[in-house]
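A.B. asks: show me the folded form of this:
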Amino acid sequence: MEVRKFTAGGKEVTLYPASISDRPLIVLNTYTGNGKSVAEELGKLNAPDHNLLVIGNLNWDHDMCPWECPALSKNDTPCTGGADEYLGLLLSEILPMAKKMLVGQPTFTAITGYSLAGLFALYTLYKTDVFDRAASMSGSLWFPDFKNYILTHEMLRKPDKLYLSLGDKEAKARQPLLKTVQENTESIAEHYRALGIDVTFEMNEGNHFKEPALRSAKGIAAIL
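C.D. replies: The predicted structure is shown next:
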């Protein structure tokens, strides 16, 4: 089946459909591009057949952030807390439009993402019960107060499977908030395990920017 594309709310959406009916639906929010590199890496990993729905042209520091966060450096931009607004668009327009293009019904629906999109993936579990599984690859779990939010709030639906990953050099940043990312990610993984969730936590070589497409594919394959 051919790759399908559409727009909704100014976002550019690309669907890489499964080869057979009734396969999982994987939602991937992406910083740039249309997810082709991730789809190719999934092929190399021989991942189980699935529908990959990639959403791009995001207002990254707004759509993926649950609340406001000042810029981390003078060359950075602040986060403006638009995750709830974007999640509304995803649930009300993007997912319904995509599901009309699928053959059959998805056996489950998963939310995934890299960096701030990994943060967003976990945040959605506290705002909707639509997603059965989630994957946060090199997720920005350094985000102010996010670990405390997770420890003090209840998911609307516990995922069947959850994947977390990080680069082994990510916590070696100079910025104080970024230094907390590994400690926070490990604490969050343990918290989810204590809730009885099937959690995979994987450390990768390198910093935050090494092989994002491959890391994304590994996370998606792990929850398929």
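A.B. asks: just checking, what's the longest helix in this structure?
C.D. replies: Determined from DSSP state H, the single longest helix within the chain is helix 181-194.
A.B. asks: show me the contact partners of the next helix or strand after that one.
C.D. replies: Using DSSP states H and E, the helix or strand that follows helix 181-194 towards the C-terminus is strand 198-204. Counting by Cβ atoms under 8 Å, 6 or more residues apart in numbering, strand 198-204 makes contact with 138, 160-168, 185-186, 189, 192-193, 210-211, 215, 218-219, 222-223, all of which sit outside it. All C-beta atoms are positioned from the backbone trio N, CA, C, and that covers glycine.
A.B. asks: and the helix or strand just after strand 198-204, what's its mean pLDDT?
C.D. replies: Next in sequence after strand 198-204, counting helices and strands by DSSP H and E, comes helix 212-223. Here helix 212-223 scores 98 as its mean pLDDT.
A.B. asks: which other helices and strands does helix 212-223 contact?
C.D. replies: Applying 3 or more Cβ pairs under 8 Å, 6 or more residues apart in numbering; DSSP states H and E, one finds that helix 212-223 contacts strand 25-29, helix 36-44, strand 109-114, strand 133-137, strand 161-167, strand 198-204.
A.B. asks: so how far is that helix off the chain centroid?
C.D. replies: Distance of helix 212-223 from the chain centroid (Cα atoms, centre = their mean, to the nearest Å) equals 10 Å.
A.B. asks: now that helix: buried residues?
C.D. replies: For helix 212-223, the neighbour count (16 or more other Cβ atoms under 10 Å) marks 212, 213, 214, 215, 216, 217, 218, 219, 220, 221, 222, 223 as buried.
A.B. asks: save the residues you listed as a markdown table, and put in distance to residue 63 too.
C.D. replies: As requested, these are exported to a markdown table (distance: Cβ to Cβ, whole Å):
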| residue | distance to residue 63 |
| --- | --- |
| 212 | 18 |
| 213 | 20 |
| 214 | 24 |
| 215 | 21 |
| 216 | 17 |
| 217 | 22 |
| 218 | 24 |
| 219 | 20 |
| 220 | 20 |
| 221 | 25 |
| 222 | 25 |
| 223 | 22 |
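A.B. asks: between those residues, which is closest to residue 22?
C.D. replies: Nearest to residue 22 among the buried residues of helix 212-223, counting by Cβ to Cβ, is residue 223 at 17.4 Å.
A.B. asks: tell me the contacts of the residue nearest in space to the middle of the chain?
C.D. replies: Geometric centre of the chain, nearest residue: residue 113, 2.2 Å, by Cα atoms, centre = their mean. Residues near residue 113 by Cβ under 8 Å, 6+ apart: 28, 29, 30, 64, 119, 120, 121, 135, 136, 137, 139, 216.
A.B. asks: from the opening residue of stretch 103-112 to its closing one, how far?
C.D. replies: Taking Cα to Cα, to the nearest Å as the measure, stretch 103-112 stretches 21 Å from start to finish.
A.B. asks: ok, and what's touching it?
C.D. replies: Contact with stretch 103-112 is made by 1, 17-18, 20-29, 51, 95, 99, 118, 120-121, 124-125, 130-137, 160, 216, 219-220, 223, as judged by Cβ under 8 Å, 6+ apart.
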